[in-house]
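Enquirer: Quick one, fold the following:
(4 chains)
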Protein chains: 2
Amino acid sequence: MAEHMRDEILAYKRDRILQEAVKLFYARGFTGTTLDDIAAELGVTKPFIYTHFRSKVELLAALCQPTIEMSLDAVARAAEAGGPPTVRLRMAMEDFTRVILQRQANIAIYFREEKNLSPEALDAINTLRKKFDRVLSALLAEGVAAGEFTIPDINVAALAIGGMISWAYTWHRPDGRLSLEDVSGRLADLALRMVGAAV
Amino acid sequence: MAEHMRDEILAYKRDRILQEAVKLFYARGFTGTTLDDIAAELGVTKPFIYTHFRSKVELLAALCQPTIEMSLDAVARAAEAGGPPTVRLRMAMEDFTRVILQRQANIAIYFREEKNLSPEALDAINTLRKKFDRVLSALLAEGVAAGEFTIPDINVAALAIGGMISWAYTWHRPDGRLSLEDVSGRLADLALRMVGAAV
DNA sequence: CCAGCGTCCTACCTGTGGGTAGCCTTTCCA
DNA sequence: TGGAAAGGCTACCCACAGGTAGGACGCTGG
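Expert: Numbering: from 1, shown residues only, chains lettered A, B, ... in the order given. The predicted structure is shown next:
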C-alpha cells in the first residue's frame, strides 16, 4: 500500500516532466529547449529530471513513441471491428484524427525531431508506422474486394489518406472555428470520397 | 565582362554551399550538422562559408524560402490559366507535386526546422503559405460555382489537399516503384475525387 | 530526540560548435 | 618583376548546455 502510492507519485512526477517537455519542445523545438528550461518550468532543477530519465534523448522518445502507438491502435481497432469496410474506414479515420489532434504537440515534435531519436527508438517507431500502413492498406483492399471502394493504387491511397489526416497537426487550432469533432468528421468524409465510397 | 564572370562564379560558389547544406541538413538535421561538416564536404573551411552567408540561420532561410515560392507559383500559375476549374485544378496539383518531389529535401528541412528560422524569414514564408491557401481555396470555390465540384467545407478541403500532397515528401523514394510522374498523376486524381469532380 | 535513508539541490566539468581576427598565398596589372 | 588587392586558411575565442559528484535537508521509525 505504501509502496503502491510511492509508485503512483513516481509516475506522476515522470508525467509532469513529460508534460512540460512537450509544451516547451512544441514551442521552441528540441534543441531550442534546455533541460534547465524544463526544470525551471516545474520549479525544480536539472538533476531532478535525471532521476526519472537517463538523457534528453530518452525524454524525447518517451513522448513520441506512445503517441505513435495510439495512432496505430486507433486504426487497428476500427479495422478489426465488425461491419462493412465503409463503416470501419470511417471509424478508423475519425479515431485516428482524434489521436492526431489530441496529441497534436507530440505528433508535431515527433515529425520535427525524428532525426534526434536514438537508432533503437527510431526503429521501434518505424516498425509501428509500417504496421499502420499495412493495416490501412488491408482495410482498403477489403473495401475494394467487397465492391465498396474503387481505388487505382491502394498503397498510394493509404499514404495519401494517412498524410491528409496527419497533416491536420499543422493547421488545427483547438480554439479555432472547427472543433475536434468537426475536423474528424470532415476529414473522414474526404477520405471516403478518395476511395470512391458512398458517403 | 570580367565583372560578369566574377559574379557568375560567386553565384556558383553560393549554390554549391547550398547544395551540400541541403544534403547534410536532410540527412542529419540542422543542429546535427556543423558548418565544419559542410565546409569539409566542399573541401574548404568554415570561414569560406561566412564570405557567402552571414550565419547558419541565413543559410537555412536561403534554402527554404525559394522552395516555398516555387510551390506557390506552381499553384498560382495553374489557377490563372484558362480552361475549366477541373482542368486547372489537375494542372495545379500535378505541378505542385512535382515541386514537392523535386525539392523533397528542401521541403523536409523546412517543415522540420521551421523553429530555427529567424522571425523575419518565418514571416516572409508564412505570408507565402497564406497566399497559397487563398489561391487554392479560390480555385475550389470557382469549381463549386461552376457546378464542377461539390465541397462541404472549402477551407478544410484546401488544407486536406495541400496536406495530402505535401506529405509525399515523407514517403516518396526517387528510386522506388513510382516515378515522379506516376505520383503526381495519382495524387492529382485523388485530389479531384476529394472535390467530387468527374475524373 | 536521534539515526538513517531517500530525495533533491548546489556547484562544477567539459565538449562542442558558431563565429571572428589576422595572416598568407595567389593573381593580376603596371 | 614589384606591389597591391582579393580570397581563403590557421588559430582562436567563448557561450552554452548536457551531464555528474557530493552534500544538505527533511521525513520516518525507533
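Enquirer: Going by C-alpha atoms from here, please, whenever you check contacts or count neighbours.
Expert: Fine.
Enquirer: can you tell if the host helix or strand of A:Val75 touches chain B?
Expert: Taking DSSP states H and E as the definition, A:Val75 sits inside helix A:56-80. No: using C-alpha under 8 Å from any C-alpha of the partner chain, we find that helix A:56-80 stays clear of chain B, coming within 13.2 Å at best.
Enquirer: what comes into contact with that helix?
Expert: Contacts with helix A:56-80, where a contact means C-alpha atoms under 8 Å, 6 or more residues apart in numbering or on different chains, come from A:18, A:21-22, A:35, A:53, A:85, A:88-89, A:91-93, A:95-96, A:99-100, A:103, A:106-107, A:109-110, A:116-118, A:121, A:125, A:128-129, A:131-132, A:135-136, A:139.
Enquirer: Pull out the buried positions in it.
Expert: For helix A:56-80, a neighbour-count test (16 or more other C-alpha atoms under 10 Å in any protein chain shown) marks A:56, A:59-61, A:63-65, A:67-68, A:70-76, A:78-79 as buried.
Enquirer: With stretch A:35-43 instead?
Expert: Neighbour counts using 16+ other C-alpha under 10 Å place A:35, A:37-39 of stretch A:35-43 among the buried residues.
Enquirer: Next: stretch A:113-120.
Expert: So, applying 16+ other C-alpha under 10 Å, buried residues of stretch A:113-120: A:113-117.
Enquirer: In contact with the residue in chain A positioned nearest to DNA strand C, which residues are there?
Expert: Of all residues in chain A, the one sitting closest to DNA strand C is A:Val44 (3.5 Å; C-alpha to the nearest atom of the strand). Residues in contact with A:Val44 (C-alpha under 8 Å, 6+ apart): none are found.
Enquirer: cool, A:Pro174 as well?
Expert: With C-alpha under 8 Å, 6+ apart, A:Pro174 has these contacts: A:Leu180.
Enquirer: quick one: pLDDT of it?
Expert: On pLDDT, A:Pro174 comes in at 97.
Enquirer: Helix, strand, or coil at A:Asp175?
Expert: At A:Asp175 the chain is in coil, as set by DSSP: H, G, I helix; E, B strand; the rest coil.
Enquirer: quick one: the residue lying closest to A:Asp189 once chain neighbours are set aside from A:Arg90, how far?
Expert: Of all residues not flanking A:Asp189 in the chain, A:Val199 sits nearest, at 6.7 Å (C-alpha to C-alpha, 6 or more residues apart in numbering or on different chains). Distance, A:Val199 to A:Arg90, by C-alpha to C-alpha, to the nearest Å: 10 Å.
Enquirer: Find residues that contact each of those two.
Expert: Common contact partners of A:Val199 and A:Arg90 (C-alpha under 8 Å, 6+ apart): A:189, A:192.
Enquirer: Compare neighbour counts for those two and give me the winner.
Expert: Between A:Val199 and A:Arg90, A:Arg90 has the larger neighbour count (other C-alpha atoms under 10 Å in any protein chain shown), namely 23 against 12.
Enquirer: where exactly do the helices run in chain A?
Expert: Counting by DSSP state H, chain A has helices at residues A:2-28, A:35-42, A:46-50, A:56-80, A:85-102, A:104-113, A:119-145, A:154-166, A:168-171, A:180-194.
Enquirer: wait, does the helix or strand bottoming out on mean pLDDT in chain A contact DNA strand D?
Expert: Ranked by mean pLDDT, DSSP states H and E, the helix or strand of chain A with the weakest confidence is helix A:2-28, at a mean of 89. No: using C-alpha under 7 Å from any atom of the strand, helix A:2-28 stays clear of DNA strand D, with a minimum separation of 8.3 Å.
Enquirer: Low-confidence stretches in chain A?
Expert: In the predicted model, chain A carries pLDDT under 70 at residues A:1-3.
Enquirer: circling back to that earlier point, just the buried residues of stretch A:113-120 now: which is nearest chain B?
Expert: Of all those, chain B sits closest to A:Lys115, with 6.2 Å by C-alpha to the nearest C-alpha.
Enquirer: wait, what's in contact with that closest one?
Expert: B:28-29.
Enquirer: give me that answer again for 10 Å
Expert: A:122, B:26-32, B:112 (C-alpha atoms under 10 Å, 6 or more residues apart in numbering or on different chains).
Enquirer: What of A:Asp36?
Expert: Listed by C-alpha under 10 Å, 6+ apart, the contact partners of A:Asp36 are A:42, A:44-47, A:49.
Enquirer: again with A:Asn155
Expert: A:Asn155 touches A:133-134, A:136-138, A:140-141, A:161, counting by C-alpha under 10 Å, 6+ apart.
Enquirer: Which entries within the residues you listed meet the buried criterion?
Expert: Buried by 16+ other C-alpha under 10 Å: A:133, A:136-138, A:140-141, A:161, out of the contacts of A:Asn155.
Enquirer: Figure out how far stretch A:26-45 is from the centre of its chain.
Expert: With C-alpha atoms, centre = their mean, to the nearest Å as the basis, stretch A:26-45 stands 22 Å off its chain's centre.
Enquirer: which bits of chain A sit near DNA strand C?
Expert: Counting by C-alpha under 7 Å from any atom of the strand, chain A comes close to DNA strand C at A:6, A:43-48, A:51.
Enquirer: and the residues you listed as CSV, adding distance to B:Arg173?
Expert: Converted to CSV, those look like this (distance: C-alpha to C-alpha, whole Å):
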residue, distance to B:Arg173
A:Arg6, 50
A:Gly43, 46
A:Val44, 46
A:Thr45, 44
A:Lys46, 42
A:Pro47, 43
A:Phe48, 43
A:Thr51, 42
